[in-house]
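Asks: Fold the following for me, if possible:
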Amino acid sequence: MNNFIAHRGNNGDSCENELSCLKEVLNYDYVSGVEIDIRQTKDKKLILSHNSFLRKDINFYFISKYNLYQLKKKTFILKGKKYKISTLKEFLSNLKTTKMILIDIKDKIDIKNLYKLLKKYHYLNIYVCSFHYDLMYLLKKRYPKLKVGIIIGYMMNEKKNIDIFDFISIHYNYNNKYLKDHFIWTVNHPLIFKNLDNNLGIITDNSYLLNKNLSSNFK
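Replies: Predicted coordinates:
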């Protein structure tokens, strides 16, 4: 079985951590989970965003400089689409799935706040990772029951000790270098996918395309 993880909720479109897309894509039987990005606001609330800033017209709002209620009042633009920001709590609340939820921490956040939130949703299949090695090391040390991993790629964390972590998330060019349980990112073309193994999951913007290509090979 191939585990396709919808990258930021994408399934061939530009959803980019939008709440409706994240929840919708989990309904597809060929998708095994979603990957989301989180950042921390000035008042230490966790929101869904890959970028450190949000754009509205020609204005840029750096997430770490605003409280959540200030950001909630605004409509932002991403890849030509208007959207409202959502929190990690809003995504996890009322979520009923056994599929994988892969959380990529983009900031050096308050891990105590993160743990308190994730503890409420202990029944979900949550994985937490980041490029920030020291942050992930501390998270795993303090809260060993969490499934914590480190992201490896772009010459980052290649030579770090990964023994403490439950898994790694690696760029597909690093696929054959590590034996540890892993996610592979970001695989958007069938020719790349063809040559990869499949452990925890393939992170992709094109789950439907890879699934379609895989299915056609067995006809």
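Asks: all strands for the protein, in order.
Replies: Ranges of strands in the chain, per DSSP state E, are 4-7, 31-40, 46-48, 53-56, 59-62, 76-78, 81-83, 100-105, 125-130, 147-152, 167-171, 182-185, 201-204.
Asks: which neighbours does the fifth one have in its sheet, and in what orientation?
Replies: Sheet pairing of strand 59-62 (DSSP bridges) gives strand 53-56 (antiparallel).
Asks: before we move on, what about the first one?
Replies: Each strand pairing with strand 4-7, determined using DSSP bridges, is listed with its direction: strand 31-40 (parallel), strand 201-204 (parallel).
Asks: and of these, who's closest to residue 210?
Replies: Minimum separation from residue 210 across the strands paired with strand 4-7 (C-beta to C-beta) falls at strand 201-204, 5.9 Å. The C-beta positions use only the backbone N, C-alpha and C, and glycine is treated the same way.
Asks: Pull the contacting residues for the closest residue to residue 138 other than its chain neighbours.
Replies: Once flanking residues are discounted, residue 138 sits nearest to residue 111: 6.4 Å by C-beta to C-beta, 6 or more residues apart in numbering. Taking C-beta atoms under 8 Å, 6 or more residues apart in numbering, we find residue 111 in contact with 135, 138-139, 142-143.
Asks: quick one: residue 111 from residue 62, how far?
Replies: 21 Å (C-beta to C-beta, to the nearest Å).
Asks: neighbours around residue 194, how many?
Replies: Using other C-beta atoms under 10 Å, residue 194 has 12 other residues around it.
Asks: Quick one, grab the pLDDT at it.
Replies: Looking at residue 194, its pLDDT reads 85.
Asks: cool, residue 217 as well?
Replies: So, for residue 217, pLDDT stands at 61.
Asks: returning to that earlier point: buried subset of the contacts of residue 111, written for PyMOL?
Replies: In PyMOL, this line selects whichever of the contacts of residue 111 come out buried by 16 or more other C-beta atoms under 10 Å:
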select buried, resi 135+139+143
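Asks: Can you tell me which of the contacts of residue 111 is nearest residue 173?
Replies: Among the contacts of residue 111, and counting by C-beta to C-beta, the member closest to residue 173 is residue 135, at 24.2 Å.
Asks: Please name the residues that touch the closest one.
Replies: 105, 108-109, 111.
Asks: Quick check on these: which are buried?
Replies: 105, 109, 111.
Asks: Closest one to residue 182 out of those residues, please.
Replies: Residue 182 lies nearest to residue 105 out of these, by C-beta to C-beta, at 17.5 Å.
Asks: before we move on, back to that, can you add distance to residue 152 and give the contacts of residue 135 back as a markdown table?
Replies: Output for those, formatted as a markdown table (distance: C-beta to C-beta, whole Å):
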| residue | distance to residue 152 |
| --- | --- |
| 105 | 15 |
| 108 | 18 |
| 109 | 20 |
| 111 | 20 |
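Asks: pLDDT and distance to residue 68 added to the contacts of residue 111, as a markdown table?
Replies: What follows is these, written out as a markdown table (pLDDT from 0 to 100; distance: C-beta to C-beta, whole Å):
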| residue | pLDDT | distance to residue 68 |
| --- | --- | --- |
| 135 | 98 | 21 |
| 138 | 98 | 24 |
| 139 | 98 | 22 |
| 142 | 98 | 24 |
| 143 | 98 | 23 |
